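*Asks:* output the structure for:
(one chain, ligands or ions: 1)
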Amino acid sequence: MASETAPPSRAAPRKLTGKKQEIDDFIDQFDTFLFDCDGVLWQGDVLLPKVVETLEMLRSRGKKLVFVTNNSTKSREKYSKKFEKFGIPVKVDEIFGSAYSTAVAISRVYQIPKGKRVFVIGEEGIEEELDAEGIPHFGGTQPLGFPDDEVAEHCGPDPTVWAVVTGLDRKINYAKLAMAFGFLQDPEVHFFATNFDSTFPTHGKLLPGAGSCSAPLTFMTGRGPTTFGKPSQAMMESIERKYTLDKSKACMVGDRLNTDIKFGIKGGLKGTLAVLTGVSKEHEILEAGEAGEGPDVYLDCLGDLLG
Ligand SMILES: O=C(O)[C@H](O)[C@H](O)COP(=O)(O)O
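*Replies:* Now for the predicted structure:
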């Protein structure tokens, strides 16, 4: 009988005390830090304390920084403007977003056939990344072009539609969902989601995340989407290729257990660091630790890495 190897057990999450030697030892294990953005660097349009100085400190120690965000509302180009606004120097190429990850998968992995297009439930970040990859699309931020009470006449099937792509859409409505539902009834039409976050943190509160935009379609169709954001390992593989990432020297920093920390653990990164400025609370981190799903270490906020 084949013997099953138990997964290696993981130590309980440890809170870093902030002592200089301890912080230095932690940082020195890594050559690359993958940073989640919302809830780690900022909350909505509020920059979190000492973020600029912490990132500067890591760069001055020769660390490679990659910003891995599930936020699909902005393209990498537009997201870099958000960094600039906060005074964080960044190159567009250091940003890896779920909209980009999705567009790259559609054009380079799945290779959408000529003459086909995708229907978008989402914002301009998805549209711009699809444009950059030359993928025809409709829906999204464009008006649907018919009165709401005529929706039944515009619901699929449509042989030009190859996929439905969902992301966070703060203007989602019944007509968009009805159209997507119509297209997805054809089992040949792919169902993709940039990411699956149930919520995201902003202004000290939680708001519905991108997962809440694809969930009604799952309820209607019984189909779950393929996702390209954290914790999807399709995203990790793209990052590994693009940045020639050495996983044995990389650390994932995030605020959310079931996206960021899971992404780092599943991806086999050497380290995971959680911060308490976003979604997951300290008791949840400790509970996750008991199930072997917690981060290696955690801090109150990223700025505590300054010691
Ligand atoms: O649902 C969303 O789109 C996300 O929750 C959100 O934008 C997360 O971004 P991240 O924390 O990965 O930067």
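
*Asks:* tell me the pLDDT at the nearest residue to Pro136 once chain neighbours are set aside?
*Replies:* Computed as C-beta to C-beta, 6 or more residues apart in numbering, the closest residue to Pro136 that is not its neighbour in sequence is Arg117, at 3.9 Å. For the C-beta atoms, the positions are set from N, CA and C on the backbone; glycine is no exception. What the model reports for Arg117 is a pLDDT of 98.

*Asks:* kindly report the same for Gly18.
*Replies:* Reported pLDDT for Gly18: 87.

*Asks:* kindly report the residues of this protein close to the ligand.
*Replies:* 36-39, 69-72, 168, 195, 197, 200, 209-210 (C-beta under 6 Å from any ligand atom).

*Asks:* and Leu207, helix, strand or coil?
*Replies:* Put simply, Leu207 is strand when judged by DSSP: H, G, I helix; E, B strand; the rest coil.

*Asks:* that one contacts Ser198, correct?
*Replies:* No - using C-beta atoms under 8 Å as the test, Leu207 is too far from Ser198 to be in contact (10.4 Å).

*Asks:* quick check: Asn71 touching Tyr79?
*Replies:* Yes - the criterion here is C-beta under 8 Å, and Asn71 meets it with Tyr79 at 7.2 Å.

*Asks:* next step: the residues of the chain next to the ligand restricted to strands.
*Replies:* Counting by DSSP state E, the residues of the chain next to the ligand place 69, 200 in strands.

*Asks:* switch the residues of the chain next to the ligand over to JSON lines; also include pLDDT and neighbour count.
*Replies:* Shown next, in JSON lines, are those (pLDDT from 0 to 100; neighbours: other C-beta atoms under 10 Å):
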{"residue": "Asp36", "pLDDT": "97", "neighbour count": "27"}
{"residue": "Cys37", "pLDDT": "95", "neighbour count": "21"}
{"residue": "Asp38", "pLDDT": "91", "neighbour count": "22"}
{"residue": "Gly39", "pLDDT": "93", "neighbour count": "25"}
{"residue": "Thr69", "pLDDT": "95", "neighbour count": "28"}
{"residue": "Asn70", "pLDDT": "95", "neighbour count": "33"}
{"residue": "Asn71", "pLDDT": "94", "neighbour count": "24"}
{"residue": "Ser72", "pLDDT": "97", "neighbour count": "32"}
{"residue": "Leu168", "pLDDT": "98", "neighbour count": "28"}
{"residue": "Asn195", "pLDDT": "96", "neighbour count": "30"}
{"residue": "Asp197", "pLDDT": "94", "neighbour count": "25"}
{"residue": "Phe200", "pLDDT": "89", "neighbour count": "25"}
{"residue": "Gly209", "pLDDT": "96", "neighbour count": "22"}
{"residue": "Ala210", "pLDDT": "98", "neighbour count": "29"}
